[in-house]
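Participant: Pasted the sequence and its predicted model underneath.
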Amino acid sequence: MLLTAGGGGGAGGGRRQTPPLAQPSASPYREALELQRRSLPIFRARGQLLAQLRNLDNAVLIGETGSGKTTQIPQYLYEGGISRQGIIAVTQPRRVAAISLATRVSDEKRTELGKLVGYTVRFEDVTSEDTRIKFLTDGMLLREAISDSLLRKYSCVILDEAHERTIHTDVLFGVVKTAQKRRKELGKLPLKVIVMSATMDVDLFSQYFNGAPVLYLEGRQHPIQIFYTKQPQQDYLHAALVSVFQIHQVSLGSDSGDQQVPLPLRQLTVSFQLSETPASGQQEAPSSQDILVFLTGQEEIEAMSKTCRDIAKHLPDSCPPMLVLPLYASLPYSQQLRVFQGAPKGYRKVIISTNIAETSITITGIKYVVDTGMVKAKKYNPDSGLEVLAVQRVSKTQAWQRTGRAGREDSGICYRLYTEDEFEKFEKMTVPEIQRCNLASVILQLLAMRVPNVLTFDFMSKPSPDHVEAAVAHLDLLGALEHEDGRLTLTPTGRKMAAFPLEPKFAKTILLSSKFHCTEEILTIVSLLSVDSVLYNPPARRDEVQSVRKKFISSEGDHITLLNIYRTFKNLGGNKDWCKENFVNSKNMLLVAEVRAQLRDICLKMSMPIVSSRGDMESVRRCLAHSLFMSTAELQTDGTYATTDTHQPVAIHPSSVLFHCKPACVVYTSLLYTNKCYMRDLCVVDAEWLYEAAPDYFRKKLRTARN
DNA sequence: GAGCACTGC
């Protein structure tokens, strides 16, 4: 089945009459909006699309960027009456996308945001009783499914950006499929499920949803020329640098595949050849000439930015000046904004970015993309069961996504810093997140939805059994599980844990805190640990940072130190200047306060008493010992550390306040694998407390250690 | 004495 803009035909592919669109009003803005809406390629296929979707339980929709599928399909369904008996949900992997799409669609429907069209993301629910089209993050819908696994509110769920395969979308695939089946069995309102994806590779989606029909939508992507290097590149950083200046100096319109240029850097020239496959772009006069370079991380990006600026100073006068802008997630927001601002007249922008520019941030005016073919990503090693962050090759889909960033307003050019043969050897798809990370939260959520058997749950891409079993074992240690008639279910504790938007071990920490009379303190600590670090460490000002931070440091470890910082911040009323003086990230600090309020609410809802230990830090440390006992390390006779469970050699991370100390026994909140295996966020504990917390566990560990 | 891609509840 193929739907294209030209072939669809206007109204009424089905027997029923498609309701007309509302008449344009007099407002020029609205008129423009309406015109724009009608000029989308998807518009001419509206009648046929609606007729198809009306009769289908499942459909997979492929639309290139610019097809308008995300804003239009929900409206078509609404106009077709699909939402009369239930809301239309549209999920997004990111908050900003959910919010801006809802804003856009409510504008197009000429309604106030939060009425007919609304959105729900963490900390923000802009919906009402009137809401029929609801945009929400995939994580949010998953959370809703915990209290109603049949998703009774909804008549239709649209899973958008499905090709990104976030862990939440992947779990939702199974949740909506189950809900759909159950609702049919119970004779309830049918649930329509529409999967939307940007990539053509959709067999997996279609197969999973019972052979759902695939509908193709035409997009508005401009042609992009692709060049591969003639030789494999040993040093992708070097190659990227050279490519940027080659692009910058080459005059446009040179159509030859060879781009050998007389440059001061000639000995370093990277030579490219044009790929034979994609259509070559017409040489239109481009509106903008900016360059987007994909690298792997902050350090690389900062170094390359500096080198580019240095070289740009010495370019011949015939060359336009260059504005070099780094881009990565931890860059302060104000600096991120600079990539959206126009460069001074005559300047060419060169944006050096992580994969944040692949999906999360869309920059206009990009003519050239330089793709190193590398990415820093989490990998899961099934043998050791460890997660490692490592630089690796991108997948083909990722490479295409990067390429697509060059053709958004006009024809573009993508330079791939690898050969076509190398490209052919890339993995077809990025390994979905669900096969790469810790599954404890996912399994807890599924059990909270009363999934009969988590080991055989119908995942689209199954995680390895070892992986699932490791998560089950972890939850068992936390006291979340019980075995009922050979079936895994949640204990009352497990059920409470699932209510918190936290890693299970942190949820358990909060639940235990009432026993130790330190809930106030633990709420703060857990909130601090569940957002990005509030500590800001500019390497150039290390001595300053150290002397300023001294006053907060506790010999009891990082948790207590963080608690001290938060308290001071609160006592001073969340003062921004104080944050600056003390190298504290104020944005993250405000987020901590927001998370803390949410967690506190959840505690109150389950009638937990919220008390403070009033300066008694030993209770706080005991509480941490009782919930994090499986993340323990002990000092060995040779002065090194080893974890208690697997005897893995570990070291105290230099960022810890305990770096120069040698406590006999610590609990840690995370392990970081780089050159060494480092423990981060440590707390000094008594070995006795640990045995007290989990006597069986430690007896078993001791036994295996002796064998 | 070292380094943290990106999301999200």
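Facilitator: Received the coordinates, thanks.

Participant: Quick one: low-confidence residue ranges for chain A.
Facilitator: Low-confidence segments of chain A (pLDDT under 70): A:1-26, A:251-287, A:381-385, A:539, A:702-707.

Participant: Go through stretch A:672-691 and flag the buried ones.
Facilitator: By 16 or more other Cβ atoms under 10 Å, the buried positions in stretch A:672-691 come out as A:672-673, A:677-685, A:689-690. (Glycine included, C-beta is placed from N, CA and C.)

Participant: Of these, which ones also sit close to DNA strand B?
Facilitator: Contacts with DNA strand B within the buried residues of stretch A:672-691, as defined by Cβ under 7 Å from any atom of the strand: A:672, A:678.

Participant: closest to DNA strand B among the buried residues of stretch A:672-691?
Facilitator: residue A:672 (4.9 Å; Cβ to the nearest atom of the strand).

Participant: Could you name the specific helix or strand carrying the nearest residue to residue A:516 once chain neighbours are set aside?
Facilitator: Excluding its sequence neighbours, the residue lying closest to residue A:516 (Cβ to Cβ, 6 or more residues apart in numbering) is residue A:623, at 4.1 Å. Taking DSSP states H and E as the definition, one finds residue A:623 inside helix A:617-627.

Participant: next one: that helix to chain centre, how far?
Facilitator: Computed by Cα atoms, centre = their mean, to the nearest Å, the separation of helix A:617-627 from the middle of its chain amounts to 32 Å.

Participant: Assign residue A:544 to helix, strand or coil.
Facilitator: When classified by DSSP: H, G, I helix; E, B strand; the rest coil, residue A:544 comes out as helix.

Participant: now it: how far from DNA strand B?
Facilitator: Applying Cβ to the nearest atom of the strand, to the nearest Å, the value for residue A:544 to DNA strand B is 13 Å.

Participant: re the thing from before, wait, the residue nearest to residue A:516 touches residue A:518, no?
Facilitator: Yes - the pair residue A:623 / residue A:518 is scored as a contact, 5.7 Å apart, by Cβ atoms under 8 Å.

Participant: other SSEs contacting the helix holding residue A:623?
Facilitator: helix A:504-513, helix A:519-529, helix A:558-571, strand A:677-684, helix A:687-693 (3 or more Cβ pairs under 8 Å, 6 or more residues apart in numbering; DSSP states H and E).

Participant: what sits up against the last one?
Facilitator: Read it as helix A:687-693. A:621-622, A:625-627, A:629, A:632, A:634, A:644, A:664-665, A:667, A:698 (Cβ atoms under 8 Å, 6 or more residues apart in numbering).

Participant: ChimeraX command for the buried members of the residues you listed?
Facilitator: Of the contacts of helix A:687-693, the buried ones go into a single ChimeraX selection, burial set by 16+ other Cβ under 10 Å:
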select /A:621,622,625,626,627,629,632,644,665,667,698
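
Participant: Tabulate the contacts of helix A:687-693 (a markdown table), appending distance to residue A:350.
Facilitator: Formatted as a markdown table, the contacts of helix A:687-693 follow (distance: Cβ to Cβ, whole Å):
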| residue | distance to residue A:350 |
| --- | --- |
| A:621 | 50 |
| A:622 | 54 |
| A:625 | 51 |
| A:626 | 53 |
| A:627 | 48 |
| A:629 | 50 |
| A:632 | 48 |
| A:634 | 50 |
| A:644 | 50 |
| A:664 | 52 |
| A:665 | 51 |
| A:667 | 46 |
| A:698 | 56 |
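
Participant: Now for the contacts of helix A:687-693: which two are most distant?
Facilitator: Maximum pairwise distance among those (Cβ to Cβ): 19.9 Å, between A:627 and A:664.

Participant: okay, now the residue of the stretch 451-600 of chain A found nearest DNA strand B: neighbour count?
Facilitator: Nearest residue of the stretch 451-600 of chain A to DNA strand B, counting by Cβ to the nearest atom of the strand: residue A:501, 3.1 Å away. Applying other Cβ atoms under 10 Å, we find 17 residues neighbouring residue A:501.

Participant: my read: it touches residue A:598, true?
Facilitator: Yes - taking contacts as Cβ under 8 Å, residue A:501 lies within contact range of residue A:598: 7.2 Å.

Participant: Show me the common contact partners of the two, please.
Facilitator: Going by Cβ under 8 Å, 6+ apart, residues that sit against residue A:501 and also against residue A:598 are residue A:122.

Participant: The stretch 551-700 of chain A against DNA strand B: which residues are in contact?
Facilitator: A:653-655, A:659, A:672, A:674-676, A:678.

Participant: Distance to residue A:198 for the helices and strands packed on helix A:617-627 - can I get that in JSON lines?
Facilitator: Below are the helices and strands packed on helix A:617-627 laid out as JSON lines (distance: least, Cβ to Cβ, whole Å):
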{"stretch": "helix A:504-513", "distance to residue A:198": "33"}
{"stretch": "helix A:519-529", "distance to residue A:198": "35"}
{"stretch": "helix A:558-571", "distance to residue A:198": "40"}
{"stretch": "strand A:677-684", "distance to residue A:198": "36"}
{"stretch": "helix A:687-693", "distance to residue A:198": "48"}
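
Participant: Figure out which of these is closest to residue A:333.
Facilitator: In terms of Cβ to Cβ, the element of those nearest to residue A:333 is helix A:558-571, at 19.2 Å.

Participant: continuing past the closest one, what's the next helix or strand?
Facilitator: That would be, after helix A:558-571 and using DSSP H and E, helix A:576-581.

Participant: And that following helix, what's buried?
Facilitator: By neighbour count on 16+ other Cβ under 10 Å, the buried set for helix A:576-581 is A:578-579.

Participant: what does that helix rub up against?
Facilitator: A:548, A:568-569, A:572, A:584-586, A:589.

Participant: Of all pairs in the buried residues of stretch A:672-691, which one is the farthest apart?
Facilitator: A:673 and A:689 (27.4 Å).

Participant: Can you tell me which residues in the stretch 351-500 of chain A are near DNA strand B?
Facilitator: Near DNA strand B, when you scan the stretch 351-500 of chain A using Cβ under 7 Å from any atom of the strand, you find A:354-356, A:360, A:375-378, A:389, A:441.

Participant: Let's see that with 6 Å instead.
Facilitator: Neighbours of DNA strand B within the stretch 351-500 of chain A, by Cβ under 6 Å from any atom of the strand: A:354-356, A:360, A:376-378, A:389.

Participant: How is chain A partitioned into domains?
Facilitator: Following automatic domain parsing, chain A resolves into domains at A:28-217, A:224-431, A:434-498, A:628-707.

Participant: most packed of those domains?
Facilitator: Among those, domain A:28-217 has the highest mean neighbour count (mean count of other Cβ atoms under 10 Å), at a mean of 19.

Participant: For DNA strand B, what's its nearest residue on the stretch 551-700 of chain A.
Facilitator: For the stretch 551-700 of chain A, Cβ to the nearest atom of the strand, closest residue to DNA strand B: residue A:674, 3.2 Å.

Participant: Give me the phi and psi for residue A:126.
Facilitator: Here is the backbone geometry of residue A:126 (degrees, to the nearest 10): phi -110, psi 70.

Participant: measure the spatially closest residue to it that is not a sequence neighbour to residue A:103 for me?
Facilitator: Spatial nearest neighbour of residue A:126, chain neighbours left out: residue A:114 (4.3 Å); criterion: Cβ to Cβ, 6+ apart. Residue A:114 sits 10 Å away from residue A:103, going by Cβ to Cβ, to the nearest Å.

Participant: repeat for residue A:392
Facilitator: Distance of residue A:392 to residue A:103, computed by Cβ to Cβ: 37 Å.

Participant: Also residue A:544?
Facilitator: Residue A:544 is 42 Å from residue A:103, by Cβ to Cβ.
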